[in-house]
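Trainee: Please work out how this folds:
(chains A and B)
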Amino acid sequence: MSLLSALSNARSSLATVSAQTALVSRNIGNAQNTAATRKYANLSAGAAGGVQVVSIAQSQNHALFQSMTSATGGLAAANAMSDSLTSIQNVVGDVDATTTPSNTLTALQAALSQYAVSPEDPQTARAAIDAAKDVVNSLNNATKAVQSARKDADDQLTAAASDMNDILSQFQALNDGIVKGTATGSDVTDLVDQRDQLVTKLSGYVGVNVQVRSGNDMVLTTDSGITLFETTARSVEFTPQTAYDATVTGSPFKIDGVSVSGANSAMPIKSGSVYGLLTFRDETAVTYQGQLDQIASTLVDDFSESGTYNAQTGSFDPATGTSASPIQKFQGLFNVALGSTVGAAGSISVDPAFDNDPTLLRDGQTVDYNTTNSSGFTGRLNQLISAFSTQRSFDGSLGAGSQGSIISYAGSSTAWLQAQRSAAKDDIDYQSTLLSGTKSALSDKTGVNLDEEMTNLLDLERSYQASSKIISTIGNMVDSLLNIR
Amino acid sequence: MSNFLVSNYSLLSAPRTAVFKIQDELTSLQKEVTTGRLDDVGLSLGGRTSQTVSLRSQQTIVDKQRDANSVLTQRFDIMQTSLQSIADTGNTLLSSLIANGTSDTGTAATEQQAMSSLQQMVGALNTSSGTRFLFSGAASDQQTLKFSDFVGSGAQSSVASALSNFMTTNGISDMSQMTDSQLDSFLNGDFANLFSGSNWTANWSNADDTPVYNKISDSETINTSYSANDEAFRNIAKAYVMMSSLNSSGMSDSARQLLSNRATQSLSQGLSQMTTLQAQIGGSQQRLDATDAQLKSRSNVLTLSISSMEEVDPYEASTRVTNLTNLLEASYSLTARISKLSILNYIS
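Mentor: Below is the predicted model:
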C-alpha cells in the first residue's frame, strides 16, 4: 500500500460519486414520469481496493407489471363496451322518455283505445296513425343507433390495428437496441422503460402476456396465446366494412393471421379495447338488434289482416278459412321489406294508404272487417287492442325472454340494454380500482421517491467531500515529503 | 433497488384519484337532489329496469283507459238527460190527455201539445256529443233522425198519405164520417205498420242497431250503443203522431175518445219501455263508475311503485352530498399539505 494507491482510490471514489450524482439527477428528472423506473449504480471494489460503477440497474417488478398490463386491458375492454352502449342509450332514451320502443308501443295501444271510444272521429283516427308513426320512428332510430355504433366500433378497430402495428414496429426497434446493449454491457435502462411503456400501451388494445428471455429479449403474446412479437413484429390486420345494417357481419380482426374473436377463432382474446369493440360489434349490438327486429316483426304480425276470399263480393271476409278458400294474410298498418325478420326494425314503416285514410285502421285495408260500413264499428279496433296483451313467442336466445306480450317484451328488451350498461359500469369501477391499485403498487416498487434521492445526494455530497479531503491531505503529505531537504 | 415503500407518484396520485371519484359522485348526487329521481335510472336498476318500464306502461294504459271511460261516462250522462227530458214531456202529455178529456177545445190544445212534444223528442234524439250522434247506434256519424223538424218531413207525409189512402179505399170523404171500427182498423193496420222496424228506419231513423262494444278495463267490455230504433221511441212517436197529425179535432167524439185511449196506451207503453232503457244505461254507468274507482286506485298504486323504484330519498341524497363535500375538502387540504411536505425544506 502506498500513498499513491490511496490517491487513486480517492480518485475512483470521486468518479463513482459523480456517476451516482448523475443518476440521482436523472431520477429526480423522472420523478413525475410514471413510466420511468428508479435507476441505480451497481458498484464493486476494484483490484487495488478502489470502487467502480459496474453497471446501471433499475428497479423492476415483473409480477406487478404483468398485473398492471392486464388491468389496463380489462379497463379498456369495459370502457369500449360502455361507450358503445351509451351511444345507443342516448338515442333510445331514459325509461321515462317518450321515444323508447316500449313507451311508443304503450302510446299506440292507448291511442287505439281512444279511437275505439270515438271510431267516427277522424281526429282520434289520425292520432292513432301518428302514434303508429312514433313507434316506427322509435324502432328505426334505435336500429340506426345500433348500426352506427357498430360502424363506430369498426372505425375504432381500424385505428387500433394501425396503432398496434406502429407500436409493434417501435417495439421491435427498442427490443433490438436492448438486446444489443445488454450484450455489450451498456446502459439500457431508459430503453427498457420505453419498451415497458409500449407494452402498457399495447395492453390497452389487447390483453398481453410478457415473457423475458435471456439477453433481455422480450416476447409478447396476446392473453390467448397469439404471438404479437417474437424477434420480429407480427402484423395486425383489419379490413373495415364500408357500411352497416342488420344483415352485415363485421370482418375478423387478425393478429399474425389468426382471428382474435368469434366462434371460428381458435384463440379468442379476453381483454383490451379490441376485445370490447369486437364483443359489442358482433354480439351485444347484434343481440339488441335482434330484439328490436323481434318487436318489429311481431308488430307487423299483430296488425296484419287475415281473411278469406269471397267470390260474391269480390273482397276478403274476416271469416274462418275453408279448404276451397283458405285464410290469406296481408300486411296491415305496418309494412316491412319482405324477407327474413333480420333488419325488420330498420325497414318497418307505416303503410301510406293508412296515412291517407286513417279509417282503414277501423275497417281493414284488404280484408273488409266492417261489412256494414258503420262509423261506430269497433270490432277490428278491439281486436288490435287485445293483440297488445296477447301472449306471443319470441326468440329466447336473444336474452329478453321467450314468452310475453309485445309490450312486456319491449320492456325486457329495454331492461336487457340497461343490464348490459350496468354490468359494463360495474366492470369499469372494478377494473379502474384494480388498475389504480396495481399502478400504485408498481410505482411504489419501481418508482422514484424525491426524499430518498435527496438523502442519497447528501450521502454522496459527504463522500465527495471526504474523498476531496483525502486528496488534499495526500497532496499536503506529498508536499511535506518533497520539502525535506 | 429502492428502500422506500412509497413513490412520489403514488403519494400524490392517491388523494388526486379520490378527488375525481368524489366529484363524479357529486355531480350525479346533485342531480338526484334537484330532481328527486335517480340520476340514471337504467344504470342504477340494471336488469330490474323491466319492472319500472312495465309499471310505466301499465300506468299509461290505465290513465288513457280512464280518459276513454270518462268520454263514455259523459256520453251516457247526456243520453240519460235526453231520455229524462223525453220522459218528462211524455208524462206531461199523458196527464193533459187525461185532464183535457175529448172536448173540442181540449182537443186543439192536445193536438198542439202533442206536436210540440214530438218536436222535443226529435231534438232530444238528435243530441250529439263531439262528432258523434248519441242515439245513432253504430252509425254514429249520421244524424239520428232523418229530419230535424217533423213538419215537412218524409215521416209526416208518409203518415198523411197513409191516412188519405185509407180514407179513399174505404170511401170516407170527411174525417167526421170515420166510424170507430174504421179508425180502429186503421190504427191497428196501416198506421201501426208505419212504426214497424223497417218502416221506421225507412222514414224516420238513420240509426244502426248493431251493438258496439268498448273495453272499459282489461277484462270488461260493455255495449255502448243505444239506438233510436228502440221500440220505446217508436211507441212514443206513434202516440205523439196519433194525437198531432190524424186531424183528431175533425173526428166524431167517440172516435176521438178511441184515439185518445190508444194514444194513452201507446205512450204509457213507450214510457215504461224507455224506463227499461234508462235502467240499462244506468247499469252501464254504474259499471263505469265502479271501473273508474278501481282504475284510479290502481293508478295510485302504480305511481307509488314507480316512485319507490325510481325516486331517491331527498334527505338521504342531500346528507350524502354534505358528506361528499366534506370529503372533497379534506382531500383538497390533504393534497396541499402533502405537496408542501418535502425534505428540500429541511436540508440546505
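Trainee: Can you mark which positions in the helix or strand containing A:Thr200 are buried?
Mentor: Element membership of A:Thr200, judged by DSSP states H and E, is helix A:189-205. For helix A:189-205, a neighbour-count test (16 or more other CB atoms under 10 Å in any protein chain shown) marks A:189, A:191-205 as buried. C-beta: built from backbone N, CA, C; applies to glycine.
Trainee: can you list the residues that contact that helix?
Mentor: A:35-37, A:39, A:56-58, A:60, A:65, A:68-70, A:72-73, A:76, A:160, A:163-164, A:167-168, A:170-171, A:174-175, A:177-178, A:181, A:208, A:210, A:216, A:218, A:220, A:228, A:272-274 (CB atoms under 8 Å, 6 or more residues apart in numbering or on different chains).
Trainee: Sort out for me which of those are in helices.
Mentor: Here DSSP state H is the test, and those give A:65, A:68-70, A:72-73, A:76, A:160, A:163-164, A:167-168, A:170-171, A:174-175, A:177-178, A:181, A:273-274 as lying in helices.
Trainee: Please list which of those residues also come close to chain B.
Mentor: Among the ones in helices among the contacts of helix A:189-205, no residue is within reach of chain B (CB under 8 Å from any CB of the partner chain).
Trainee: Got a quick ChimeraX command for the buried subset of those residues?
Mentor: Those of those that count as buried under 16+ other CB under 10 Å are selected in ChimeraX with:
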select /A:65,68,69,70,72,73,76,160,164,167,168,171,174,175,177,178,181,273,274
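Trainee: residues touching the nearest residue to A:Thr366 once chain neighbours are set aside, list them.
Mentor: In this structure, A:Thr366 finds its nearest non-sequential neighbour in A:Phe330, 4.2 Å apart by CB to CB, 6 or more residues apart in numbering or on different chains. Counting by CB under 8 Å, 6+ apart, A:Phe330 makes contact with A:304-307, A:316, A:365-367.
Trainee: ok, of those, which one's closest to chain B?
Mentor: A:Val367 (18.2 Å; CB to the nearest CB).
Trainee: Kindly state the beta-bridge partners for the closest residue to the closest one other than its chain neighbours.
Mentor: The shortest distance from A:Val367 to any non-neighbouring residue, by CB to CB, 6+ apart, is to A:Gly307 (3.5 Å). Per DSSP bridges, the residues bridged to A:Gly307 are A:Gln328.
Trainee: Quick one: residues contacting A:Gly307.
Mentor: Taking CB under 8 Å, 6+ apart as the test, what A:Gly307 contacts is A:316-319, A:327-328, A:330, A:364, A:366-368.
Trainee: which of these count as buried?
Mentor: By 16+ other CB under 10 Å, the contacts of A:Gly307 give A:316-318, A:364, A:366-368 as buried.
Trainee: tell me which of the residues you listed is nearest to A:Asp256?
Mentor: Closest approach between these and A:Asp256, by CB to CB: A:Thr366, at 58.4 Å.
Trainee: and that closest one, backbone torsions?
Mentor: Main-chain dihedrals, A:Thr366, degrees, to the nearest 10: phi -90, psi -40.
Trainee: now stretch A:16-36, how far from the centre of its chain.
Mentor: Here stretch A:16-36 is found 37 Å from its chain centre; the criterion is CA atoms, centre = their mean, to the nearest Å.
Trainee: Can you give me the buried ones in that stretch?
Mentor: A:16-17, A:20, A:23-24, A:26-27, A:30-31, A:36.
Trainee: Same question for stretch A:114-123.
Mentor: Applying 16+ other CB under 10 Å to stretch A:114-123 flags A:114-121 as buried.
Trainee: Stretch B:197-210 now?
Mentor: B:199-201, B:203-210.
Trainee: now swap in stretch A:287-304 and tell me
Mentor: Under 16+ other CB under 10 Å, the buried positions of stretch A:287-304 are A:287-304.
Trainee: try stretch B:11-30
Mentor: Quick answer for stretch B:11-30 (16+ other CB under 10 Å): B:11, B:13-15, B:17-18, B:21-22, B:25-26, B:29.
Trainee: Any regions of the stretch 1-150 of chain B where pLDDT drops low?
Mentor: Low-confidence segments of the stretch 1-150 of chain B, defined by pLDDT under 70, span residues B:1-4, B:101-104.
Trainee: go on, chain A?
Mentor: A:1, A:319-324, A:338-340.
Trainee: need the helices for it, in chain order.
Mentor: A:3-29, A:62-92, A:101-117, A:122-184, A:189-205, A:273-279, A:285-302, A:344-347, A:352-356, A:360-363, A:379-387, A:406-446, A:450-482.
Trainee: what is the orientation angle of the fourth one with helix A:189-205?
Mentor: Right, helix A:122-184. 150 degrees (axes from the mean of the first three to the mean of the last three CA atoms, to 10 degrees).
Trainee: Helix A:406-446 and helix A:122-184, what's the angle between them?
Mentor: Going by the same axes, to 10 degrees, helix A:122-184 makes 20 degrees with helix A:406-446.
Trainee: ok, now which ones touch the residue lying closest to A:Thr86 once chain neighbours are set aside?
Mentor: Nearest in space to A:Thr86, with sequence neighbours left out and distances taken as CB to CB, 6+ apart, is A:Arg421 at 7.0 Å. Residues near A:Arg421 by CB under 8 Å, 6+ apart: A:82, A:85-86, A:89, B:42-43, B:46.
Trainee: Can you pull the residues of the stretch 51-200 of chain A lying near chain B?
Mentor: For the stretch 51-200 of chain A, the residues in contact with chain B (CB under 8 Å from any CB) are A:57, A:59, A:89, A:94-96, A:100, A:102-103, A:105-107, A:109-111, A:113-114, A:116-123.
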